[in-house]
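*Asks:* predicted model and sequence follow; I will ask about them next.
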Amino acid sequence: MTDAAVDQASLIRPLTLVAFGGNALLESSDVGTIEEQLRRAELAAEWLVDLVELGRDLVIVHGNGPQVGQVLIQMEEAATKVPPATLDVAVAQTEGGMGYLLEMAIRNRLQATSREAEVATLLSMVVVDTEDPAFHQPTKPIGPFFSKYRASILRRELGWSMVEDSGRGWRKVVSSPRPIEVLGMDGIRNLLAVGTVVIAGGGGGIPVIRRPGGQVEGVEAVIDKDRTAALMGTELKADLLVNLTNVPHVSRNFGKRNEKRIDRLSAGSARRMVEKGRFPPGSMGPKIEATAGFVEATGNSAIITNLDQLGAALAGDAGTRIIP
């Protein structure tokens, strides 16, 4: 399909890009079985298909924090029997596995509602910059907790950066560079042009760098899924970015006695509040920064809310809307 045909087709239906965390499929209270994750995928499929019922094209970007943690624990436990894979491969494994569960659940939900639509899961490689400052200061804890003794061995023998985390032990920390290019975007556009629900960019995508000759190579890093979602939404010129989190809306002075709900926030104001440290850098800060970047780049709006308030937020009665 030509670019012109794709652009013409994309004018027919509004495009919504939805981003949600890996805990939508695996919460901390769960045992972590595939059956549990499939049930949660089925719950997610109900509201995702509701968006399709509204006549929207749909791209889904999911997180993978709990899931990639599981994979890394499995690798550590089996390290004496099977050589452990690198982190980029672990990200790819979870992107494929979670995509499979979500795609199956969405397909079954579409059939139950007699809705005809295809679903496709894509493994997304995401290019990062080798000069990104994040590579010089790893900050993202991942994987299992280790004793101080085991952490010292891993630091010495494997060169891992290790930090004490939450009083529960020592964990590996890796870099979290900014995404600069999502590979395979033309394929996503072509799928959307024929009405396909697309699952892509899972876990922020598989981090790769470009070598001088143009070849790509995986790196040990993780990418913030909210930043990848905003980048994809900008490239696709999405009409709406929906960022689902664990709170119903953004608040000033969150968790304090003078906490105040924010219904609407301009992208410029949002960015200034992030720069002034009004939002925690480890949670809401990057989410708002990425969302504001999408709004500034496209001139369209975005919503930050939780699943319970999604319907009302889409109607403009709940959540926080980031506007141009």
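*Replies:* In hand now; what should we look at?
*Asks:* going forward, measure contacts between C-alpha atoms and count neighbours the same way
*Replies:* Fine.
*Asks:* now residue 194: phi and psi?
*Replies:* phi -110, psi 20 (degrees, to the nearest 10).
*Asks:* roughly how far apart are it and residue 295?
*Replies:* Distance of residue 194 to residue 295, computed by C-alpha to C-alpha, to the nearest Å: 26 Å.
*Asks:* please say which of these two ends up with more neighbours.
*Replies:* Neighbours per residue, other C-alpha atoms under 10 Å: of residue 194 and residue 295, the larger number sits with residue 295, 25 against 15.
*Asks:* settle this for me: that one is touching residue 323, isn't it.
*Replies:* Yes. Shown here, residue 295 and residue 323 form a contact pair, counting by C-alpha atoms under 8 Å, at 6.5 Å.
*Asks:* okay, and the common contacts of these two?
*Replies:* Residues touching both residue 295 and residue 323 by C-alpha atoms under 8 Å, 6 or more residues apart in numbering: 267, 301, 302.
*Asks:* tell me which of those residues fall in strands.
*Replies:* Among the shared contacts of residue 295 and residue 323, the ones falling in strands (DSSP state E) are 301, 302.
*Asks:* residue 74 in helix, strand or coil?
*Replies:* Here residue 74 is recorded as helix under DSSP: H, G, I helix; E, B strand; the rest coil.
*Asks:* by neighbours, which of the shared contacts of residue 295 and residue 323 wins?
*Replies:* residue 302 (28 neighbours).
*Asks:* returning to that earlier point: include distance to residue 76 when you put the shared contacts of residue 295 and residue 323 into a markdown table, please.
*Replies:* Converted to a markdown table, the shared contacts of residue 295 and residue 323 look like this (distance: C-alpha to C-alpha, whole Å):
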| residue | distance to residue 76 |
| --- | --- |
| 267 | 43 |
| 301 | 43 |
| 302 | 40 |
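*Asks:* just give me the closest of the shared contacts of residue 295 and residue 323 to residue 36.
*Replies:* Proximity of these to residue 36 (C-alpha to C-alpha) peaks at residue 302, which lies at 30.3 Å.
*Asks:* let me know whether that closest one touches residue 242 as I believe.
*Replies:* Yes. If you go by C-alpha under 8 Å, residue 302 and residue 242 touch, sitting 5.8 Å apart.
*Asks:* any idea which residue sits dead centre in this protein?
*Replies:* Centroid-nearest residue in the chain: residue 225, 2.8 Å away (criterion: C-alpha atoms, centre = their mean).
*Asks:* burial count for the closest residue to that one other than its chain neighbours?
*Replies:* Distances taken as C-alpha to C-alpha, 6 or more residues apart in numbering place residue 204 nearest to residue 225, at 3.7 Å, with adjacent residues excluded. Neighbourhood size, residue 204 [other C-alpha under 10 Å]: 28.
*Asks:* sec struct for residue 66, please.
*Replies:* helix.
*Asks:* any idea how far it lies from residue 268?
*Replies:* Residue 66 sits 32 Å away from residue 268, going by C-alpha to C-alpha.
*Asks:* now swap in residue 138 and tell me
*Replies:* For residue 138, the distance to residue 268 equals 29 Å [C-alpha to C-alpha].
*Asks:* isn't residue 125 right up against residue 203?
*Replies:* No. Using C-alpha under 8 Å, residue 125 makes no contact with residue 203, being 10.7 Å away.
*Asks:* more neighbours, those two?
*Replies:* Higher neighbour count among residue 125 and residue 203: residue 203, with 30 against 24, using other C-alpha under 10 Å.
*Asks:* residues contacting that one?
*Replies:* Residue 203 sits in contact with 22, 61-65, 91, 94-95, 222-225, where contact means C-alpha under 8 Å, 6+ apart.
*Asks:* make it 7 Å
*Replies:* 62, 63, 64, 91, 95, 225 (C-alpha atoms under 7 Å, 6 or more residues apart in numbering).
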